[in-house]
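In: Next come a sequence and a model predicted from it.
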Amino acid sequence: MGEASVTAGDLPGPLSRGQGIALWRQIAGSLEAEITAGRLTAGARLPTEADLSARFAVNRHTVRRAMEELETRGLVRIEQGRGSFVAEDVLDYPLGPRTRFSEVIRRQNREPQGRILRLEEVDAEGQVAEALKLRRGRPVVLAERLGLADGRPVVIGAHWFSAARFPDMLRLLAENPSITRALVASGVPDYRRHSTRITARMPSAEEAALLEQSRSRPVLVTEALNVDPAGQPVELSIACYAAGRMQILVES
């Protein structure tokens with residue numbers, strides 16, 4: 001999706017001063033009205049703080065407070081170093097017995113992409129060893145991926161696999177970031193979700209940068225265990241979703 005730009009001159013004019021309504025609320029209301037009316041479309045880049053300050057004859061702090069309010073309400077997204085944009089539609093991400101990222105994104109007429117951030121063999125510790133039914137210290141393959149929809153980052157996932165059971169996993173994921181394809185090539189043509197834990201928290205600086213969102217906006221976190229048809233653990237994953245672009249839908 002292209003990012004159209006809107007100039008300050010396209011926005012509503014003077015504010016009502018001395019009427020008991022905070023200036024930042026009036027600015028937020030004006031921008032919200034433009035979004036609701038469709039004059040500011042999804043993905044459009046908003047004017048800079050300096051432009052809005054000049055347009056509304058206020059200081060940047062007042063503009064920043066208005067933008068923070070709009071971001072909190074999910075109407076805009078603020079990206080460090082890039083600017084502010086009208087928020088896109090939130091995607092549904094159903095969690096069922098068989099959830100595949102690419103399939104979910106394509107069903108909503110978006111183009112999925114995956115990029116490997118980290119790929120290495122590490123020792124299984126604590127939670128990972130217990131979930132995969134391994135002794136602590138046994139080797140596991142760790143793959144960290146960034147999932148995108150139409151080029152927009154929506155999820156960061158950390159995935160662990162037994163290195164003994166999947167000796168070619170490092171090579172397969174290096175050649176193609178699709179976990180489903182790597183498991184098929186490793187003799188696991190199908191797998192299902194055994195359990196999922198969902199929480200919410202604030203993102204780290206690295207997570208916020210990768211997801212292109214503000215650190216003041218929470219992320220959704222899922223911890224999931226996938227098993228093969230025999231019930232044996234295949235993969236432990238911990239995924240961090242941009243809550244402003246994805247909502248978790250639990251399916252029975």
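Out: Structure received.
In: Can you tell me the element residue 188 falls in?
Out: Residue 188 belongs to no helix or strand when assigned by DSSP states H and E.
In: burial count for it?
Out: Neighbourhood size, residue 188 [other Cβ atoms under 10 Å]: 20. Just so you know, the C-beta spots here come from the backbone N, C-alpha and C atoms, and that holds for glycine as well.
In: quick one: it from residue 60, how far?
Out: According to Cβ to Cβ, to the nearest Å, residue 188 and residue 60 sit 54 Å apart.
In: which secondary structure element contains the residue nearest to residue 235 when sequence neighbours are not counted?
Out: With sequence-adjacent residues excluded and distances taken as Cβ to Cβ, 6 or more residues apart in numbering, residue 235 is closest to residue 226, at 4.5 Å. Using DSSP H and E, residue 226 sits in strand 219-227.
In: partners of that strand in the sheet?
Out: If you go by DSSP bridges, strand 219-227 pairs up with strand 192-201 (antiparallel), strand 233-242 (antiparallel).
In: what's next to it, contact-wise?
Out: Residues from elsewhere that reach strand 219-227, judged by Cβ atoms under 8 Å, 6 or more residues apart in numbering: 95, 131, 191-203, 207, 211, 213, 233-243, 246-248.
In: What's the PyMOL line that selects buried ones from those residues?
Out: Entered in PyMOL, the line below selects the buried ones among the contacts of strand 219-227, by 16 or more other Cβ atoms under 10 Å:
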select buried, resi 131+191+193+196+203+207+211+213+233+234+235+236+237+238+239+240+241+242+243+246+248
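In: neighbours around the closest residue to residue 162 other than its chain neighbours, how many?
Out: Nearest non-adjacent residue to residue 162, counting by Cβ to Cβ, 6+ apart: residue 132, 5.5 Å away. Counted with other Cβ under 10 Å, the neighbours of residue 132 add up to 20.
In: quick one, phi/psi of residue 141?
Out: phi -90, psi 130 (degrees, to the nearest 10).
In: bridging residues for it?
Out: residue 121, residue 161.
In: Test my guess that it contacts residue 161.
Out: Yes: Residue 141 is within contact range of residue 161, at 4.6 Å (criterion: Cβ atoms under 8 Å).
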